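Trainee: Turn this into a structure:
(one chain, ligands or ions: 1)
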Amino acid sequence: MTFSDQLKQKAEPILQEIYQHPFVKGIEDGTLPKEAIKFYVQQDFLYLNAFVKIYAQAITKSTTREDMDFFQEQIHFTLHSETIAHQNLCQVAHLSLDQLKDGALAPTTFMYQQHMLEQGRDGTMLDILAGLIPCPWTYWEIGKHIMNRTPSLEGHPFRDWIEFYGKYGSEDMTFAEELFRRLDEKAQGATKNELNHAEKVFLKSCELEWRFWEMSFYQEDWKFNSLIKIH
Ligand SMILES: Cc1ncc(C[n+]2csc(CCO)c2C)c(N)n1
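Mentor: Just a heads-up that it's a prediction; the model follows:
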């Protein structure tokens, strides 16, 4: 069994909870409330900015030009293409994406960002990959899951979102598969302790993916929001 297979197997209970989450169910059946969409898009915009920085950290730890090129392509993609999914959500909820770009990090977004940036700062390339893979992986799985359960997406309000993530990457290898392949490559030379550490990093990111849906659905913000968010 590859290291990736082992991680996917361990994360399976989290993935199942994600499929059942009311936010994800709301995408599947098209009933997602406007307030949840607004909170999600606001937070996700900030989350994607953090993601770009993690790719930049990965470049500083790259040892080959091929790795550097891979990560710089991802920076471009994250900055310019992921908005397709946000546009779809905003259209359905009659929201303007431009007006959702000046939010502040809610606790879960903050925690997820810190977790990933910590890998970029203190971790190995194995840790960085383990921390960021749950992001494209769980979204790809959600997209596929909904596509498999929905006979036709014709007229579905979240069709663009579902197809964007369900078909994420190129024809022959999806983006998540490409990252898992790279992870397995790095895992080859790693010690048992290093693998154990990377596994923890991966599973924490999976839990943080679940928490991101939870935060967005219930709009969980700082308790002392009015004191903390001083603009
Ligand atoms: C909380 C959260 N998790 C995952 C994604 C999806 N996503 C974000 S960046 C990226 C990879 C880009 O190279 C993918 C798949 C999201 N939007 N928000």
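Trainee: Output the below-cut-off pLDDT ranges for this protein.
Mentor: For the chain, residues meeting the criterion pLDDT under 70 lie at 169-172, 230-231.
Trainee: Which residues of it lie near the ligand?
Mentor: With CB under 6 Å from any ligand atom as the criterion, the chain meets the ligand at residues 44, 47-48, 51, 74, 77-78, 82, 135-136, 139, 209, 212. (Each C-beta comes from the backbone N, C-alpha and C, glycine too.)
Trainee: Swap in 5 Å and give it another go.
Mentor: If contact is defined as CB under 5 Å from any ligand atom, the residues of the chain in contact with the ligand are 44, 47, 51, 74, 78, 135, 136, 139, 212.
Trainee: wait, what's in contact with the closest residue to the third one other than its chain neighbours?
Mentor: The shortest distance from residue 51 to any residue that is not its chain neighbour, by CB to CB, 6 or more residues apart in numbering, is 5.5 Å, and that residue is residue 78. Residues in contact with residue 78 (CB atoms under 8 Å, 6 or more residues apart in numbering) are 48, 51, 52, 55.
Trainee: For the first one, give me its contacts.
Mentor: Under the criterion of CB under 8 Å, 6+ apart, the contact list for residue 48 reads 78, 79, 82.
Trainee: Would you check that the second one makes contact with residue 53?
Mentor: No: with the criterion set as CB atoms under 8 Å, residue 79 and residue 53 do not qualify as a contacting pair; they are 11.4 Å apart.
Trainee: quick one, helices of this protein?
Mentor: Counting by DSSP state H, one finds helices in the chain at the ranges 3-20, 22-29, 34-60, 65-80, 83-92, 107-122, 125-132, 134-149, 159-166, 175-188, 192-218, 225-228.
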